[in-house]
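In: Structure of the sequence below:
(one chain, ligands or ions: 3)
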Amino acid sequence: MRTIELRGDRALTNEDLERKGALPESVMESAKAIVDDVRERGDEALRAYCTKFDGACPEDFRVDDEVVRGALDMVDPEFVSALRRAYDQIRDFHEREVEQSWFSAKPDGTILGVKVTPVPSVAVYVPGGRAQYPSTVLMDTIPAKVAGVGRVIMLTPPQRDGSLSAYTLAAAAVAGVDEVYAVGGAQAIAAAAYGTESIPKVVKIVGPGNAYVAAAKRYVSGDVGIDMVAGPSEVCVLADSTADPVVVAADLMAQAEHDPMATCYLVTCDPALPARVEEATERLVSQSPREEITRASLEHGVVVVAEDLERAVDAVNVVAPEHLELHTANAFDVLGSIENAGAIFVGPWSSEPLGDYVAGPNHTLPTGGTAAFSNPLGVYDFVKRSSVISYSPAGLAADAPAAQTLAQGEGLWAHALSVGLRRRLVEEGAERFDDPVAACEDATRTAWPQALEAPGTPRLDFKVR
Ligand SMILES: NC(=O)c1ccc[n+]([C@@H]2O[C@H](COP(=O)([O-])OP(=O)(O)OC[C@H]3O[C@@H](n4cnc5c(N)ncnc54)[C@H](O)[C@@H]3O)[C@@H](O)[C@H]2O)c1
Ligand SMILES: N[C@H](CO)Cc1c[nH]c[nH+]1
Ligand SMILES: [Zn+2]
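Out: Numbering: from 1, shown residues only. Ligands and ions are numbered 1, 2, ... in the order given. Just a heads-up that it's a prediction; the model follows:
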């Protein structure tokens, strides 16, 4: 890990972090080429990329429902009960996120509100390249089901022998995924965004993945809904001298082992801590079966040493990490100053992997600095809100003059007419115009009766230089 020392008032910057954007440009380019190809050639391209990147391509991408259900009998009962405990706690947390439609009536009888409607179909991406992610099946699917999504399809890459992990399939059975497809990477995202002969097009794609998956989601966004950029994992540990260096080392390694592109940050106001953490990391990492990935990730990790806790907190807000652990005295006092983090783990007992698996909040979280403006995956990602506006005649009469004046100021004649015609009906005590020809006469007087000087022209005379 490289060290950045913040002396005096020097603040951490994105240049210090060598971060040019949420995802590397070269990865964005590769993902774009794959997506465009799958969009054009469908299954043929899908098969080619599947074979190239995953080493095998199943004959049929769709996994039989019987196989999915059967996976529950193939895994240890302890694994199933761990899945069920996680399921219950994740569901309980997400049920609190449900947003109801609401309507409110004004005294004049006008009704305003919001209608909440679930997205009809989603694809949940479940990573499966360098590790298996049954926990992600639960995290992606439970909020979708709580929101009322009718069709949840799951995309996950096949293993080298063309099969899928029984653990991942068992999780799909527990979570109630509707259809499973053994396809992954940027090509899977393209397939769900545009549809192929064998993969259905959906309305929204959610879930985490490596940089290629995240880049593909970002590229198709707009043609299809996405949740966020949820790319290679990140952790930032904010620690003072009360932190245990061994625990901090394990917590950094827990995210580093996901992916060589995962990023770890240690931000501290204790100048002695980084060396102790590094020493513990050295002792631990050589015992890990994932040593190679872990080392590759830690290699580009960043240590920030600040002069005091306040400046350390400012640095954390610039990092805007996916996960933040607060290993400080009185950690809850620090919480109020944290502005940018996907999930915040407060105090020494709050191991980040508890949040990955069982605590209940979602582990699909924004990365690459996007925690500055994105949210954890939640029930709100699976619904749309429609505003509802229903005027009464009295409400129309009350609001019409202001609406017509604003329309006149914008020079939008038919906007004003739409309101003005109804205003005339209210004033005449009628519901519709009996004589359409008469109704259309002298329409400008109906549209904008206000004496504004020159409709559509700004009154202030200023020039933009
Ligand atoms: N942000 C979050 O919420 C979150 C949660 C869980 C996991 N993750 C991250 O998900 C990722 C999982 O990654 P993974 O690799 O194990 O599985 P993955 O399923 O995300 O990616 C595997 C796929 O990547 C594609 N791929 C690999 N190399 C490629 C290349 N050179 N060019 C184009 N495509 C390529 C292949 O198609 C392969 O199927 C990790 O980065 C992990 O940190 C993030
Ligand atoms: N830490 C990951 C999110 O970055 C989630 C996860 C799943 N399994 C283990 N970890
Ligand atoms: Zn993890």
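In: Any figure for the gap between the residue lying closest to Val38 once chain neighbours are set aside and ligand 1?
Out: Closest residue to Val38 apart from its sequence neighbours, by CB to CB, 6 or more residues apart in numbering: Ala190 at 3.7 Å. (Each C-beta comes from the backbone N, C-alpha and C, glycine too.) According to CB to the nearest ligand atom, to the nearest Å, Ala190 and ligand 1 sit 11 Å apart.
In: Secondary structure of Ala190: a helix, I assume?
Out: Yes. Counting by DSSP: H, G, I helix; E, B strand; the rest coil, Ala190 is located in a helix.
In: What distance do you get for it to Gly21?
Out: When distance is defined by CB to CB, to the nearest Å, Ala190 is 21 Å away from Gly21.
In: Between these two, tell me which one has more neighbours.
Out: Remark: of Ala190 and Gly21, Ala190 carries more neighbours, 32 against 13, as counted by other CB atoms under 10 Å.
In: Now the residue in the stretch 51-200 of the chain that ligand 2 sits nearest to: which helix or strand?
Out: Residue nearest to ligand 2 within the stretch 51-200 of the chain: Ser135 (4.6 Å; CB to the nearest ligand atom). In this assignment (DSSP states H and E), Ser135 forms part of helix 134-147.
In: CA-only coordinates of that helix, as PDB, when you get a sec.
Out: Output of helix 134-147 as PDB, limited to C-alpha atoms (Å, rounded to 0.1, in the frame of the first residue of the first chain):
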ATOM      1  CA  PRO A 134     -25.000 -17.100  -3.000                       C
ATOM      2  CA  SER A 135     -25.200 -14.100  -0.600                       C
ATOM      3  CA  THR A 136     -25.600 -11.800  -3.500                       C
ATOM      4  CA  VAL A 137     -28.600 -13.900  -4.800                       C
ATOM      5  CA  LEU A 138     -30.400 -13.000  -1.500                       C
ATOM      6  CA  MET A 139     -29.300  -9.400  -1.500                       C
ATOM      7  CA  ASP A 140     -30.400  -8.800  -5.100                       C
ATOM      8  CA  THR A 141     -33.600 -10.800  -5.100                       C
ATOM      9  CA  ILE A 142     -35.200 -10.100  -1.700                       C
ATOM     10  CA  PRO A 143     -35.800  -6.300  -2.200                       C
ATOM     11  CA  ALA A 144     -37.100  -7.100  -5.700                       C
ATOM     12  CA  LYS A 145     -39.700  -9.500  -4.300                       C
ATOM     13  CA  VAL A 146     -40.500  -7.200  -1.400                       C
ATOM     14  CA  ALA A 147     -41.200  -4.400  -4.000                       C
END
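In: For it, give the mean pLDDT please.
Out: Across helix 134-147, pLDDT averages out at 98.
In: Partner strands of the helix or strand just after it and their direction?
Out: Next helix or strand after helix 134-147 toward the C-terminus (DSSP H and E): strand 151-156. Paired neighbours of strand 151-156 in the sheet (DSSP bridges): strand 121-125 (parallel), strand 179-182 (parallel).
In: Are stretch 313-331 and ligand 1 in contact anywhere?
Out: Yes. Against ligand 1, stretch 313-331 shows contacts by CB under 6 Å from any ligand atom at Glu322.
In: Residues of the stretch 1-150 of the chain that sit close to ligand 2?
Out: Close to ligand 2, as judged by CB under 6 Å from any ligand atom, the stretch 1-150 of the chain has residues Tyr133, Ser135, Thr136.
In: okay, now the residue of the chain found nearest ligand 1: neighbour count?
Out: Per CB to the nearest ligand atom, Gly185 is where the chain lies closest to ligand 1, at 2.1 Å. Neighbours of Gly185 under the rule other CB under 10 Å: 26.
In: In space, what's closest to Ser305 - neighbours in sequence excluded?
Out: Careful, residue 305 is Val; it's not Ser. For Val305, the spatially nearest residue (CB to CB, 6+ apart) is Glu5, at 5.0 Å.
In: So the chain: which segments form each domain?
Out: Domain ranges of the chain: 2-22+232-359, 25-227, 393-447, per automatic domain parsing.
In: among those, which is nearest Val379?
Out: In terms of CB to CB, the element of the domains of the chain nearest to Val379 is domain 25-227, at 4.0 Å.
In: Which residues are in contact with Ala171?
Out: Leu83, Pro134, Ser135, Val137, Leu138 (CB atoms under 8 Å, 6 or more residues apart in numbering).
In: my read is Ala243 is in a strand, agree?
Out: No. Counting by three-state DSSP, Ala243 is not part of a strand but coil.
In: That one: what's it in contact with?
Out: Here Ala243 is in contact with Val237, Thr268, Asp270, Leu273, His327, Thr328, Pro348 (CB under 8 Å, 6+ apart).
In: now the contacts of Ala171 as a markdown table including distance to Asp223 and neighbour count?
Out: Below are the contacts of Ala171 laid out as a markdown table (distance: CB to CB, whole Å; neighbours: other CB atoms under 10 Å):
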| residue | distance to Asp223 | neighbour count |
| --- | --- | --- |
| Leu83 | 34 | 24 |
| Pro134 | 30 | 27 |
| Ser135 | 29 | 21 |
| Val137 | 25 | 28 |
| Leu138 | 28 | 27 |
